[in-house]
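In: compute the structure for the input listed below.
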Amino acid sequence: MKNLSTKNPVLYSILLVIIVMLAAAVLTGAFTVAGFRDLSSSIARIIIFAVLVFIFRDCYHWDKSFSGITYALAALIPAVWNIAYNSFNGAVLRSDLPVVLICALAPAVFEESLFRIIPFQKMEDQNMSKMSIVLITALVFGLIHLTNMLSGNVVGTLVQTFYAVAVGLLFGGLYILTKDPASVILAHFLTDFTSQMFTNQPSSTPVLQVIIFVVLLAVISVYGIMLTRKAEKEN
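Out: This next block holds a predicted model:
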């Protein structure tokens, strides 16, 4: 596996995603059986994050934490959209916000490790272009969400996939420029938290809101690409 990271870092990263996702599923099942239920997936992901930090500690530039917070402000766009969209359409705040905090933190630390922090380091070590790294990881990040199609909601899964690609470009551009793990994790956390903090969420979306949503996805995608180009110029 170590040799693969130098010969083909893209394949290495994809295999790492598959292995870690399977491990998370197994661990989630174990915690579910143990009675943790709603928090089983979150606990599993946080534990695996700790393991990843230990194994791949050289990939985490903690000394740069929050150095790129200014660039991360654009990540408030999807967070603000989540709040506005749900509030406007009659959703209400959940009563178990502490649980929501944990459920939002877990994918933030887990997915940023798996889709940005570790693969970016492995690919950059092999002199891959920054734009290629961001585009590839954003695409993989989006495609992995296609597994949600097993739930039967095809349209919802496709929307989630395109959304994941867009935020993948945003988070990827942010991280490739700043190497700031804390800011990209915070950006991901805010996006997930504002998405999960409501109950009675709308089952359908008016056309105007769909158009606004698509425009916002385009904006954050372009911003992520701009950050990536800035990183290439500064290299």
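
In: how about residue 74: what's its closest non-neighbour residue?
Out: Leaving aside its sequence neighbours, residue 74 sits nearest to residue 223 (C-beta to C-beta, 6 or more residues apart in numbering; 5.1 Å). Using the backbone N, CA and C atoms, a C-beta is placed for each residue, glycine as well.

In: sorry, wrong one. I was asking about residue 60.
Out: Nearest in space to residue 60, with sequence neighbours left out and distances taken as C-beta to C-beta, 6+ apart, is residue 181 at 5.5 Å.

In: the one you found touches residue 61, doesn't it?
Out: Yes - Residue 181 is within contact range of residue 61, at 6.3 Å (criterion: C-beta atoms under 8 Å).

In: neighbour-wise, which of the two wins?
Out: Ranked by neighbour count (other C-beta atoms under 10 Å), residue 181 and residue 61 place residue 181 first, with 24 against 16.

In: dump the residue contacts of that one.
Out: 60-62, 64-65, 112, 117, 175 (C-beta atoms under 8 Å, 6 or more residues apart in numbering).

In: in TSV, list those along with distance to residue 123, pLDDT and secondary structure.
Out: Converted to TSV, these look like this (distance: C-beta to C-beta, whole Å; pLDDT from 0 to 100; DSSP: H, G, I helix; E, B strand; the rest coil):
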residue	distance to residue 123	pLDDT	secondary structure
60	16	98	coil
61	15	97	coil
62	20	97	helix
64	18	97	helix
65	22	97	coil
112	15	98	helix
117	12	98	helix
175	12	98	helix
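
In: which of the residues you listed has the most neighbours?
Out: Highest neighbour count within those: residue 175, with 31 neighbours (other C-beta under 10 Å).

In: quick one: which helix or strand includes residue 128?
Out: Following DSSP states H and E, there is no helix or strand that holds residue 128.

In: can you tell me the closest non-neighbouring residue to it?
Out: Residue 128 sits nearest to residue 9 (C-beta to C-beta, 6+ apart), 6.8 Å away.

In: could you give the number of residues near residue 194?
Out: By the other C-beta under 10 Å criterion, the neighbourhood of residue 194 contains 21 residues.

In: gap between it and residue 124?
Out: Residue 194 sits 31 Å away from residue 124, going by C-beta to C-beta, to the nearest Å.

In: now the protein, which segments are flagged as low pLDDT?
Out: Filtered on pLDDT under 70, the chain yields the residue ranges 1-2, 149-152.

In: in it, which spans are helices?
Out: Remark: helices assigned in the chain by DSSP state H are 2-7, 9-33, 40-55, 69-72, 76-88, 97-112, 118-125, 130-143, 154-178, 181-196, 207-234.

In: give the buried residues for the second one.
Out: Read that as helix 9-33. 9-10, 12-14, 16-17, 20-21, 24, 27-28, 31-32 (16 or more other C-beta atoms under 10 Å).

In: now, the most widely separated pair of the residues you listed?
Out: Greatest spatial distance among those (C-beta to C-beta): 9 and 32, at 33.9 Å.

In: list the contacts for the closest residue to residue 231 other than its chain neighbours?
Out: Once flanking residues are discounted, residue 231 sits nearest to residue 177: 4.1 Å by C-beta to C-beta, 6+ apart. Residue 177 is in contact with 68, 71, 227-228, 230-231, 234, counting by C-beta under 8 Å, 6+ apart.

In: quick check: PyMOL command selecting the buried ones in these.
Out: One line in PyMOL is enough to select the buried ones among the contacts of residue 177; burial here means 16+ other C-beta under 10 Å:
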select buried, resi 68+71+227+228+231
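
In: list just the nearest of the contacts of residue 177 to residue 47.
Out: Of all these, residue 68 has the smallest distance to residue 47: 27.1 Å, by C-beta to C-beta.

In: right, I'll leave it there.
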